[in-house]
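give me a 3D structure for the following:
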Amino acid sequence: MISPEILIFNLAVVFFHQLATAFLWVILDAVTSNQNFRQQDDSKANQYPWKASLALTFLLAFPSLVMCFRPSHVSNYGLLLTLYFWVIVAGGLFSLYSWGQFASNRNLKTLHLATTATLTTATATIFGLIASMASPV
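Presented below is the predicted three-dimensional model:
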């Protein structure tokens, strides 16, 4: 039994996260256009990282997507909180890795991935806090 409310929420998360990452790419491209690290002629470093962005989007939507196919039950509430915890951990580790990559190899792509991973982790933390305030009964 698929819950239509959760499915609509997940579709909205995917759509708006992708929209926000594209908007962030445009902002970072405009802000850093005169920086020294942007003067390099590396075409791969200035391409939009859509695969990593899509992976972060699905990472954010995964905990509530699992709940689309599970019945409402108290034990599934604990699963939801556990999944949000692991999304926060995975997003945080990817964020740290991306910031380390940006520190060693400065380009627009690594800056975008680091910023996107940080904001995705913050959003997952907010979603986890909202889910933890809900009553399982």
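
quick one: the helices in this protein?
In the chain, the helices defined using DSSP state H lie at 4-31, 50-66, 74-104, 108-133.

the ones you listed: which one's closest to F37?
helix 108-133 (8.0 Å; C-beta to C-beta). Any C-beta I mention is one placed from the backbone N, CA and C, and that applies to glycine too.

before we move on, back to that, now tabulate the helices of the chain in a markdown table and tack on mean pLDDT.
Below are the helices of the chain laid out as a markdown table (pLDDT from 0 to 100):
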| stretch | mean pLDDT |
| --- | --- |
| helix 4-31 | 92 |
| helix 50-66 | 90 |
| helix 74-104 | 92 |
| helix 108-133 | 94 |
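
in a markdown table, list those along with mean neighbour count and distance to R38.
Shown next, in a markdown table, are the helices of the chain (neighbours: other C-beta atoms under 10 Å; distance: least, C-beta to C-beta, whole Å):
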| stretch | mean neighbour count | distance to R38 |
| --- | --- | --- |
| helix 4-31 | 14 | 9 |
| helix 50-66 | 18 | 19 |
| helix 74-104 | 16 | 13 |
| helix 108-133 | 19 | 6 |
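
I'd like those as JSON lines, with distance to Q39 appended.
As requested, the helices of the chain are exported to JSON lines (distance: least, C-beta to C-beta, whole Å):
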{"stretch": "helix 4-31", "distance to Q39": "14"}
{"stretch": "helix 50-66", "distance to Q39": "24"}
{"stretch": "helix 74-104", "distance to Q39": "16"}
{"stretch": "helix 108-133", "distance to Q39": "11"}
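
so which of these is nearest Q40?
It's helix 108-133; of the helices of the chain, that one is closest to Q40 (C-beta to C-beta) at 10.0 Å.
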